[in-house]
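**Q** coords please:
(4 chains)
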There are 2 protein chains.
Amino acid sequence: MPPRERDTARTRRTVLDAAARTVAKQGAGVSLDVIAREAGVSKSGLLHHFRSRDQLLLALAQDQVDTFAAEVRAAVDPADHAAGRLVRAYVKAIFDSLGDDTAISEHLLLSAALSTVPGVAEILQRDARQWEAAFTSDGLHPDRVLIITKAADGASLATLYEGGSNPAALERTRELLLSMTRGEGSFTG
Amino acid sequence: MPPRERDTARTRRTVLDAAARTVAKQGAGVSLDVIAREAGVSKSGLLHHFRSRDQLLLALAQDQVDTFAAEVRAAVDPADHAAGRLVRAYVKAIFDSLGDDTAISEHLLLSAALSTVPGVAEILQRDARQWEAAFTSDGLHPDRVLIITKAADGASLATLYEGGSNPAALERTRELLLSMTRGEGSFTG
DNA sequence: ATTAGCCGACCATCTGGTCGGTAGTACAGA
DNA sequence: TCTGTACTACCGACCAGATGGTCGGCTAAT
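**A** Numbers count the residues shown, from 1 in each chain, chains lettered A, B, ... in the order given. Now for the predicted structure:
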């Protein structure tokens, strides 16, 4: 095989995707063997790219964080220049990722992997701080941001509690949260 | 040793508590040996009370769900007869459990254990349905309940993301959510 | 000739779980 | 009250299988 970067990068990607899938399905306890098989490489091949199990899960955590950030960026409506555009994108990104077949969101995936792997907590904390900072310049009242984003996070948890996601309820929650980003969310019920 | 129920019940409790602690710390992948040592019994002793690892984790899940329900019940203010009293208790119970030293809330603990253990999902789903049912007769607008409870759930996730809980931020979130249960939460910022 | 991606074989260790045994209690009968 | 029997909480030793990780080697592109 060529030592070209392309192949290395591609294999790493394949392994990372396989890891994400298997961890989401079977929890953070999955064996390297299973991940390797899912990725279509040997365990040795996997270990050639990630020197240990911990390094793989660490890379996975970072990758998930980066992927989610990219999804939020992609979800920003270019025509939207009103206050709360980033929060809106955040909500959309979360619910979009909830919609597809992956039953457990990446938030849960990470939380499961956390306790075992040493460096993951730091990655998550840094990420959380960055989101908080980004939201402060989004033009919405801090309390409103707090409620909306926490509720969105909680909704991702709900797919776990409530089992096979209830699409109608998810849609309702999503629209409710989006309306709150537009200042309409002052329910007096 | 006496075959008295007292001792059996006490040992089971000890093991369950030890399991909760170790799972919260090291994830659902903890070995029976570690749990047994934490509980001060031998692995065989543990297996005498819980016939398999899955049964232990299943019992743990059910116990956590029951414990939380009891905490909510205890958090209901007897003098409070206004609409939303149950939601208020729910919020209080979550934030109270977040406050103590156990860094990871039982919600997270369960989610981590879920993917591996077969029966846990059903337990969580049944529990979620019961809460939903209970909330419908609490006198608050469904949308309001949805937002508040999901935000409370999300806040428990946040202790994970944000690492060692930020007491001030938690307190602010808690008060914000409580005020929303009283209908004051119509922020127009 | 060198280098890098990848593999199969292998190993020490740990895993959940079984098995046979011990000790202490409760209770029956004398 | 003493004795024997049944029962139960609990333990140590053990096992088969799985696990993370190492090592030497093969192949192909540079």
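**Q** Low-confidence regions, chain A specifically.
**A** A:1-6, A:100-115, A:163-165, A:184-189 (pLDDT under 70).
**Q** Pop the domain breakdown of it in here.
**A** Following automatic domain parsing, chain A resolves into domains at A:1-51, A:59-181.
**Q** quick one: which of the ones you listed is nearest residue B:17?
**A** Smallest distance to residue B:17 across those (Cβ to Cβ): 17.6 Å, for domain A:59-181. In short, each C-beta sits where N, CA and C put it, glycine included.
**Q** can you pull out the helices in chain A?
**A** Using DSSP state H, the helices of chain A run over A:5-26, A:32-39, A:43-49, A:53-75, A:85-99, A:106-114, A:120-136, A:142-161, A:167-181.
**Q** Dump these into a markdown table; add mean neighbour count and distance to DNA strand D as well.
**A** What follows is the helices of chain A, written out as a markdown table (neighbours: other Cβ atoms under 10 Å in any protein chain shown; distance: least, Cβ to the nearest atom of the strand, whole Å):
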| stretch | mean neighbour count | distance to DNA strand D |
| --- | --- | --- |
| helix A:5-26 | 17 | 9 |
| helix A:32-39 | 18 | 4 |
| helix A:43-49 | 15 | 4 |
| helix A:53-75 | 18 | 3 |
| helix A:85-99 | 21 | 26 |
| helix A:106-114 | 24 | 12 |
| helix A:120-136 | 16 | 15 |
| helix A:142-161 | 23 | 23 |
| helix A:167-181 | 17 | 33 |
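**Q** Tabulate these (a markdown table), appending distance to DNA strand C.
**A** Formatted as a markdown table, the helices of chain A follow (distance: least, Cβ to the nearest atom of the strand, whole Å):
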| stretch | distance to DNA strand C |
| --- | --- |
| helix A:5-26 | 4 |
| helix A:32-39 | 7 |
| helix A:43-49 | 2 |
| helix A:53-75 | 13 |
| helix A:85-99 | 28 |
| helix A:106-114 | 16 |
| helix A:120-136 | 20 |
| helix A:142-161 | 22 |
| helix A:167-181 | 35 |
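**Q** Please identify which of those helices is closest to residue B:27.
**A** Closest approach to residue B:27 among those (Cβ to Cβ): helix A:106-114, 6.8 Å.
**Q** Endpoint to endpoint, stretch A:36-55 covers what distance?
**A** Using Cα to Cα, to the nearest Å, the end-to-end distance of stretch A:36-55 comes out at 15 Å.
**Q** That one close to chain B?
**A** No: applying Cβ under 8 Å from any Cβ of the partner chain, one finds stretch A:36-55 separated from chain B by no less than 11.4 Å.
**Q** what's the answer for stretch A:147-158, then?
**A** Yes: interface with chain B: stretch A:147-158 contributes A:147, A:149, A:150, A:151, A:152, A:153, A:154, A:155, A:157, A:158 (Cβ under 8 Å from any Cβ).
**Q** Format the domains of chain A as CSV; extra columns: distance to residue B:167.
**A** Output for the domains of chain A, formatted as CSV (distance: least, Cβ to Cβ, whole Å):
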stretch, distance to residue B:167
domain A:1-51, 28
domain A:59-181, 15
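**Q** Residue B:43: which of those is closest?
**A** Across the domains of chain A, closest to residue B:43 is domain A:1-51 (Cβ to Cβ), at 18.6 Å.
**Q** rewinding a little: wait, which of the helices of chain A is closest to residue B:183?
**A** If you check each of the helices of chain A against residue B:183 by Cβ to Cβ, helix A:142-161 wins as the nearest, at 14.7 Å.
**Q** Distance from the closest one to the middle of the chain?
**A** From the chain centre to the centre of helix A:142-161 is a distance of 13 Å (Cα atoms, centre = their mean, to the nearest Å).
**Q** likewise stretch A:125-140?
**A** Put simply, stretch A:125-140 sits 16 Å off its chain's centre (Cα atoms, centre = their mean).
**Q** coming back round to it: for the helices of chain A, give me a markdown table that also has distance to residue B:92.
**A** Shown next, in a markdown table, are the helices of chain A (distance: least, Cβ to Cβ, whole Å):
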| stretch | distance to residue B:92 |
| --- | --- |
| helix A:5-26 | 33 |
| helix A:32-39 | 42 |
| helix A:43-49 | 47 |
| helix A:53-75 | 31 |
| helix A:85-99 | 26 |
| helix A:106-114 | 23 |
| helix A:120-136 | 24 |
| helix A:142-161 | 16 |
| helix A:167-181 | 23 |
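**Q** and residue B:181, which of the ones you listed is closest to it?
**A** Nearest to residue B:181 among the helices of chain A is helix A:142-161 (12.4 Å), distances taken as Cβ to Cβ.
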